[in-house]
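K.L.:
need a structure here:
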Amino acid sequence: MDEQTLVFDDSRKINPWLPTAPTAGDPTEKNDEPATNGDLSDTVEPTSDAAAEEAEYSDEEVSALERQTEEGDYEVPDATANVKTRGSAQRVFAKKVKENYGWRCALTGIATRSYLIASHIVPWGHDQSIRLDPANGICLSVFVDRAFEQGHLLIEDDLTVRVNWDHVDQDKVLADKLRPFDGSSLAQPKASPPNPDYLQRRREMSP
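P.N.:
Below is the predicted model:
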């Protein structure tokens, strides 16, 4: 079995372990697969917001989507969405959401930018009409974003955070990490606070 050397890229929020490229001219190395930068981000549309923030994007598409959101149009139709569009849309969405929260996690206050994710309340794949709506986003740190995405954290209409204990009780370490968040309140953004209808829809999706 061929051995593969991995290198750790601490600039990546997801999949930080990347395979090194084969040595040039090595006759034992064959690569008949398309290049994917160590993962499938170039060929498969990212499903998580963390993945989308590292996805390929188009400057031209970013500019067009920024103009669109300024006009109050937040739709990104499935018919036009691809890997690059997902990355471009997340770039526009993330900039607005993170600015609204002063570039801080709404729950922990973490301000290191490489730790911040613009998390969709109603997930990208569930409603194409609000994909760019800043009221459908919350600035969260990486761990909190993942807990929210997995349904371990629920957010009430008044922005109170609840731990979904039925979903985490089997993992004592995870439960201990999440316990301090239970009953906390999210920081209010300076604009576009979370839409209560979106929060309710998200809670209804939780297991």
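K.L.:
quick one: contacts of stretch 185-201?
P.N.:
96-97, 100-102, 104, 106-107, 109, 121-122, 126, 130, 133-139, 155-161 (CB atoms under 8 Å, 6 or more residues apart in numbering). Where you see a C-beta, it was placed from the backbone N, CA and C, and this is true even at glycine.
K.L.:
Tell me the pLDDT of Ala187.
P.N.:
The score at Ala187 is 98. That number is its pLDDT.
K.L.:
same check, this time on the one 10 residues further on
P.N.:
Residue-level confidence at Asp197 comes out at 99, pLDDT.
K.L.:
so which helix or strand takes in it?
P.N.:
Secondary structure from DSSP states H and E places Asp197 in helix 196-205.
K.L.:
rewinding a little: mind checking which of the contacts of stretch 185-201 are in helices?
P.N.:
Among the contacts of stretch 185-201, the members found in helices (DSSP state H) are Lys96, Val97, Asn100.
K.L.:
got a list of what the second one touches?
P.N.:
Val97 makes contact with Ala118, Pro134, Gly137, Ile138, Cys139, Pro189, Ser192 under the criterion CB under 8 Å, 6+ apart.
K.L.:
So which of those residues is the closest to Leu65?
P.N.:
For the contacts of Val97, the minimum distance to Leu65 (CB to CB) is 12.6 Å, reached by Pro134.
K.L.:
Understood, closing this out.
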